[in-house]
Every structure is written in C-alpha cells, then in structure tokens.
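*Asks:* Okay, sequence plus prediction incoming.
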Amino acid sequence: MMESFKSNKRAFFVKAMVIACVMLIVGTGLWLQSIHKIVVIAHDGEQMEVSTFKNTVGDILEKENIVLHSADKIKPYLTEKIVDGTEIIISRAFEVKIVDAGLEQMVMTTDINVEGLLNSLDIVIGENDIVTPVLNMPLVEGQKITIMRISEKYEMEKTQIPYQTITKHNDNLEIGELRKVRAGNEGVKEVKVRIVFENGIEVKREVVEETILVEAVDEVFEKGTKNFIVTSRGEVQRFKEVIIMVATAYTAGYESTGKNPEDHGFGITKSGTQVRPGVVAVDPRVIPLGTQLYIESLDSTPSYGKSSAEDIGGSIKGNRIDLFFENVEDALRFGRRKVRVYVLDN
C-alpha cells in the first residue's frame, strides 16, 4: 500500500514537471513572438526588410551597420520605439552650392527642391529677387543655386532745361541777314530718379517723375528772306547773297598798279577787260570773277552801285574788295570803309 502511494506520487510529480515544461516552452514562444518585429528600412535608393528583436530605431541601425552622417535625416527618430511593420526612412544629405548676392557657400541638404532648401536655411527671398533655378526645381548633388538681390531707391535731382533756338523768316530783312530777337534762358526741373541695383551694383537709372520749376525761354532769331534791292537809280535787282566786306579804292595808275600808260598791260584787268568805273577787284575764292555785284554804302556817302568782279589784287584776300576809280583824288577820298556787297542773281 505504501509502495503504491509512492509510485502514484512520483507519477504525479513527473506529469507536473512535463506540464510545467510545456507551459514554459509555450510561454517563451509567445513572448518571443511578441517581441519579434519585421521592419522596412529605406535608404540609398533601396528598401530592405529586416527581422529583429531590437526595440529602437537606433538599435536596429546599429545591428545592420547602417551609419548616419551629421546632415542625414531619419524618420522615425533614433530613440523612438519600433513595432512590427515600422518603416524607417533615411534621407542622405548631399552637397550643393549657394551663391547669394555674390557670396558662395557649400551646404549639405536633404531637401527635395530649391524652395525647401532656402526655407530650411532661413534664407529670405525678396519680392524682386531672382532665384536660379526656379523655386520648384528638384535638387541634385553638386547643383548651383544663384540668388540675385534686386533693390531700388529713389533720388530727387535738379537739372537744367536747355533752351531751344528758333529761327523765324522775315521778309523785311535782306537774305543772309540774321538778327537776334530774344535771348535764351535755361529752365530748371526737379526729377525723381529710380535707381535699380543688382547685388549692390547700380544697373539702371530712369526718370519716373519730373516737375518744371522754371520754364526755359527759347532763343529767337529772325533770318532775312528778302532777295531784292532797289538801287540808287530805282532799279529792282534780285540777289542771292549778301556779304559785309572791307572796301578800298584803286586806279589804273602807277600808285595802284605799278604801271604807267606806256607799259604793257596798263589798264587791263585779270579778266582781260579794260578797267572802267564799275570794275572791282576781288578774291576769286570768295567771289568768282565775272560775278555781277551791287555795292551799297553803310554810311551816308553815295553807294558805289552796280559793278562787275573782273580784277584781282595782291592784298585783296578774303572779305576784301577794291573799287576802281578813274582818278587818284576820288580814290583817296573813298579811302577804306565797310560796304554791303550784294551778289546779284542774274
């Protein structure tokens, strides 16, 4: 009876031990199943599925020997707990160049486009600034982003207004005569100038507003258009030019020409004609030989009248004219004076 009891007790103990072991195995399996996770890691353009018992993002990266650099970004954070099905996304930073108003800097970024990069760096873009490439352009490694800073300012300036010269025709003035009627005066205006700068350098200047402070006064001339004269004999003569000249007098004698009556060529003009009242000597560069003239006195003395340019003289250059007189007394009496020479339109 005692042996039978001991045998039953031993069998019960063995059975209990078996049950305990089974429960331990089952419990361990359930526990292991509860801490086991399948996660997906996305990085460097690839996705990998990882089976793990690790608890945090940092732990699983360490186990998989995935190294993060300082500018890389990861989601979720390294300290966050992972669960079955967690997706870990690693964004690798790459280098780009930013040229802001001429100043260069190299930066590491994980942003996907230009606008995101500028926002992450707290770079403010003004209304008129120009960004190249455009803000929505995707970023790639080694890309260059240029920011041109556009600014403007306004200045007030005073400037001179030049006067205009106006010429009016006057039929009462002889052709070629010019008379000033009114002097010109410059005006003054105040202008508002818009100045545009690119990266601090002036590139444009334009007047956007102006106010006249003093009006300019135009200079006025009257130009003669009268092309006829009435001679001392009452004849109407048309002319094409008027020249103010210095007139002297000469004769055919020795005192003027160095020749005596018996000398060859005495009394013969450069044109080969015989000297006579009305013949004058001129500079052919000013008045061609053969030109018909009317010579008017500018003082109270009688005008020399109609004449013909047929001779020349050694001292007759430029606006000088020599008038022929038949005797020395008349020539000396005429002397030297200014005359108005009309070039007749024959």
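*Replies:* That came in fine, so what should we check first?

*Asks:* and residue 74, how many neighbours?
*Replies:* 19 (other C-beta atoms under 10 Å). Glycine gets a C-beta too; all of them are placed from N, C-alpha and C.

*Asks:* Where does it sit, in terms of helix or strand?
*Replies:* For residue 74, the host element (DSSP states H and E) is strand 73-75.

*Asks:* Could you tell me which residues within the helix or strand just after that strand count as buried?
*Replies:* Next in sequence after strand 73-75, counting helices and strands by DSSP H and E, comes strand 87-91. Residues of strand 87-91 classed as buried: 88, 90, 91 (neighbour count, 16 or more other C-beta atoms under 10 Å).

*Asks:* hmm, who's touching the helix or strand following strand 87-91?
*Replies:* Sequence order places strand 94-100 as the next helix or strand after strand 87-91, per DSSP H and E. Defining contact as C-beta atoms under 8 Å, 6 or more residues apart in numbering, one finds that strand 94-100 is touched by 104-110, 117, 121, 123, 139-147, 149.

*Asks:* mind checking which helix or strand residue 331 is in?
*Replies:* Going by DSSP H and E, residue 331 is in helix 328-334.

*Asks:* For that helix, the averaged confidence score.
*Replies:* The average pLDDT within helix 328-334 is 93.

*Asks:* which helices and strands sit right next to it?
*Replies:* When contacts are defined as 3 or more C-beta pairs under 8 Å, 6 or more residues apart in numbering; DSSP states H and E, helix 328-334 sits against strand 236-250.

*Asks:* try 10 Å
*Replies:* strand 236-250, helix 254-257, strand 320-324 (3 or more C-beta pairs under 10 Å, 6 or more residues apart in numbering; DSSP states H and E).

*Asks:* ranking those by burial, who's on top?
*Replies:* Of all these, strand 320-324 has the most neighbours on average by mean count of other C-beta atoms under 10 Å, namely a mean of 22.

*Asks:* Partner strands of that one, with direction?
*Replies:* strand 236-250 (parallel), strand 279-281 (antiparallel) (DSSP bridges).

*Asks:* Give me the residues contacting the helix holding residue 331.
*Replies:* 247-251, 253, 255-256, 277, 297, 301, 304, 322-325, 327 (C-beta atoms under 10 Å, 6 or more residues apart in numbering).

*Asks:* picking up where we left off before, out of the contacts of strand 94-100, which end up buried?
*Replies:* With burial judged by 16+ other C-beta under 10 Å, the buried subset of the contacts of strand 94-100 is 107, 109, 110, 117, 139, 143, 145, 147, 149.

*Asks:* Of all pairs in those, which one spans the longest distance?
*Replies:* 110 and 149 (26.2 Å; C-beta to C-beta).

*Asks:* Against residue 226, how distant is the closest residue in space to residue 227 that isn't next to it in sequence?
*Replies:* Using C-beta to C-beta, 6 or more residues apart in numbering and skipping residues adjacent in sequence, the residue nearest residue 227 is residue 175, 4.6 Å away. Computed with C-beta to C-beta, to the nearest Å, the distance linking residue 175 and residue 226 is 6 Å.

*Asks:* Spit out the residues that contact these two alike.
*Replies:* Common neighbours of residue 175 and residue 226 (C-beta under 10 Å, 6+ apart) are 169, 239, 242.

*Asks:* ends of stretch 322-329, how far apart?
*Replies:* Distance between the two ends of stretch 322-329: 15 Å, counting by C-alpha to C-alpha, to the nearest Å.
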